[in-house]
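1. Need a 3D model of the following:
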Amino acid sequence: MSAVTARMDAMTSFDPARFLPDDLLARIRERAAVHDRDNTFPHDDLDDLRAAGYLGILVPTAQGGAGLSLAEASVLQQRLAGAAPATALAINMHLVWTGVAKVLRDRGIDDLAFVEQRAGAGEVFAFGISEAGNDLVLFGSDTAAEPDGAGGYTFTGTKIFTSLSPVWTYLGVHGLDSTSADAPQMVFAFLDRGDAVVARDDWDTLGMRGTQSRTTELRGAHAPAERIIRRLAPGPQPDPLIFGIFSVFEILLASVYTGIARRALELAVEAASTRRSKKTGTVYANDPDIRWRVADMALAYDALPPQLAALAHDVDSRADHGAQWFSLLAGVKYRAVSMAKAVVDDAILVGGGSAYFARSELSRLYRDVLAGMFHPSDAESAHSTAAAAWLGPVTD
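-> Model prediction:
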């Protein structure tokens, strides 16, 4: 285990190797290159992670899970992303829903008990919220939600970036009810697989290819009353479900990209320690310019794990950041992605020309890290949220 990995693992009192032992990570890392090359979903990774109890890390022990905290899950996702970013990002979307269930349960709300029960049994939840051109994200939807008269809804629309498309059991979605007496209302629900839910085979991307985050068409897909979890007015609001989704989503996303940065730093250290300069006859680790670059990478990376640990702990402990919450959460995701992209850029330079070949792990990390810019909150949203938190709304 590298010094960087050891420092990360020392930040927590639990043993990450219990859920992600080194031999499992080695297998997952070896397969990552194949899934990237072949544009395939990592079924073997999912099978191994399910067998290791990973799908239930945030599920209570009474429901067959490990009962871990969000802070502990963050450490694990950093560790998994260091082996296979696409696998970690795909699993993230399952962990979001189990994490939301935990956030609600910690606050005395049992609305997602069935998520914990099914996840504890090894079933897979996916996240079907993103829509093309919908920058309202959680606060609006172009998907039509039509009441069935018995408390359920049918959903018609198109969702994009649906990670875990080949394997999910339940898909969490939202849509807009524009016909009920109290319309408009945002409806959040879980769908089963069926003929009315169609995943296009259209995932052929620059990076994160193993997530298989395909476009999903909802063609009148039905959720019965017991799978409707919220009806909320459109727009920002303090409902615990919205807070749960936003907090877990942002922290776990930041964790994945922080894990990518850690791996890039490790590869840069390895390259600097083994590559030799023809001019000086010594390894590049002795070159002052290379030493400065690696140090700069380390200084940037080292700032993020403590931030993630502190913020995740605050979610776990129900800390009250008031109006600052959304700025803090958007900010940590934005900083993690910006840091990771810069660290990977520098690692490519330290790695030398060989890093430019597609077979290089750094080459894959370079492509994978770009996906972070497209996840909410993007740079514009994060800055807008921070400005509103500190300056208040724009006035005339």
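
2. hey, let's count contacts and neighbours off CA atoms from now on
-> Fine.

3. The one helix or strand Met186 maps to - contacts with which helices or strands?
-> Met186 belongs to strand 185-192 when assigned by DSSP states H and E. Judged by 3 or more CA pairs under 8 Å, 6 or more residues apart in numbering; DSSP states H and E, strand 185-192 is in contact with strand 170-177, strand 214-223, strand 228-232.

4. can you pull out the helices in this protein?
-> With DSSP state H as the criterion, the chain has helices at 3-9, 22-38, 43-51, 70-83, 85-106, 113-120, 240-274, 288-302, 304-316, 325-351, 361-369, 379-391.

5. Return the alpha-carbon coordinates of stretch 45-52 using PDB.
-> Taking Å, rounded to 0.1, in the frame of the first residue of the first chain, the C-alpha atoms of stretch 45-52 are listed here in PDB:
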ATOM      1  CA  ASP A  45     -17.100  -6.000 -10.500                       C
ATOM      2  CA  LEU A  46     -20.700  -5.700  -9.500                       C
ATOM      3  CA  ASP A  47     -20.800  -9.400  -8.600                       C
ATOM      4  CA  ASP A  48     -17.700  -9.100  -6.500                       C
ATOM      5  CA  LEU A  49     -18.900  -6.000  -4.700                       C
ATOM      6  CA  ARG A  50     -22.300  -7.500  -4.000                       C
ATOM      7  CA  ALA A  51     -20.600 -10.600  -2.500                       C
ATOM      8  CA  ALA A  52     -18.500  -8.300  -0.400                       C
END
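
6. ok now do the residue nearest in space to the middle of the chain, which residues does it touch?
-> The chain has Leu253 as the residue nearest its centroid, 3.3 Å off, counting by CA atoms, centre = their mean. Leu253 makes contacts with Leu89, Asn92, Lys333, as judged by CA atoms under 8 Å, 6 or more residues apart in numbering.

7. ok so, going back, right, so of the helices of the chain, which gets closest to Ser180?
-> helix 240-274 (21.6 Å; CA to CA).

8. which of the residues in that closest one are buried?
-> Across helix 240-274, burial judged by 16 or more other CA atoms under 10 Å covers 241-269, 271-272.

9. what inclination does it have with respect to strand 185-192?
-> Computed by axes from the mean of the first three to the mean of the last three CA atoms, to 10 degrees, the angle separating helix 240-274 from strand 185-192 equals 60 degrees.

10. Can we start the residue count at 708 from this point?
-> Fine by me, first position is 708 from now on; the one you just mentioned is helix 947-981.

11. So what's the gap between helix 947-981 and the chain middle?
-> Mean C-alpha position of helix 947-981 versus that of the full chain (CA atoms, centre = their mean, to the nearest Å) differs by 9 Å.

12. again with stretch 1081-1089
-> With CA atoms, centre = their mean, you get 13 Å for stretch 1081-1089.

13. For it, give me every contacting residue.
-> Glu957, Ser1034, Ala1037, Gly1038, Lys1040, Tyr1041, Met1080.

14. Can you say which of the residues you listed are buried?
-> Glu957, Ser1034, Ala1037, Gly1038, Lys1040, Tyr1041.

15. now, which of those residues sits nearest Leu878?
-> Once CA to CA is applied, the member of those that ends up nearest Leu878 is Glu957, at 19.0 Å.

16. Which residue is the nearest non-sequential neighbour of the closest one?
-> Of all residues not flanking Glu957 in the chain, Lys1040 sits nearest, at 5.6 Å (CA to CA, 6 or more residues apart in numbering).

17. ok so, going back, which two of the contacts of stretch 1081-1089 have the greatest separation?
-> Ser1034 and Met1080 (17.0 Å).

18. rewinding a little: now the contacts of Leu960 in a markdown table, please, with extra columns for pLDDT and distance to Arg725.
-> Shown next, in a markdown table, are the contacts of Leu960 (pLDDT from 0 to 100; distance: CA to CA, whole Å):
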| residue | pLDDT | distance to Arg725 |
| --- | --- | --- |
| Leu796 | 98 | 20 |
| Asn799 | 98 | 19 |
| Lys1040 | 98 | 27 |
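
19. can you put those in TSV and add distance to Thr886?
-> Below are these laid out as TSV (distance: CA to CA, whole Å):
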residue	distance to Thr886
Leu796	36
Asn799	34
Lys1040	36
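
20. Pick the one among the residues you listed closest to Leu775.
-> Distance ranking of the contacts of Leu960 against Leu775, using CA to CA, places Asn799 first at 14.9 Å.

21. From Gln892, how far out is the closest residue to that closest one other than its chain neighbours?
-> Using CA to CA, 6+ apart and skipping residues adjacent in sequence, the residue nearest Asn799 is Leu959, 6.5 Å away. Distance from Leu959 to Gln892, counting by CA to CA, to the nearest Å: 28 Å.

22. cool, Pro767 as well?
-> Noted for Pro767: a distance of 32 Å to Gln892, by CA to CA.

23. Also Met915?
-> Per CA to CA, Met915 is found 34 Å from Gln892.
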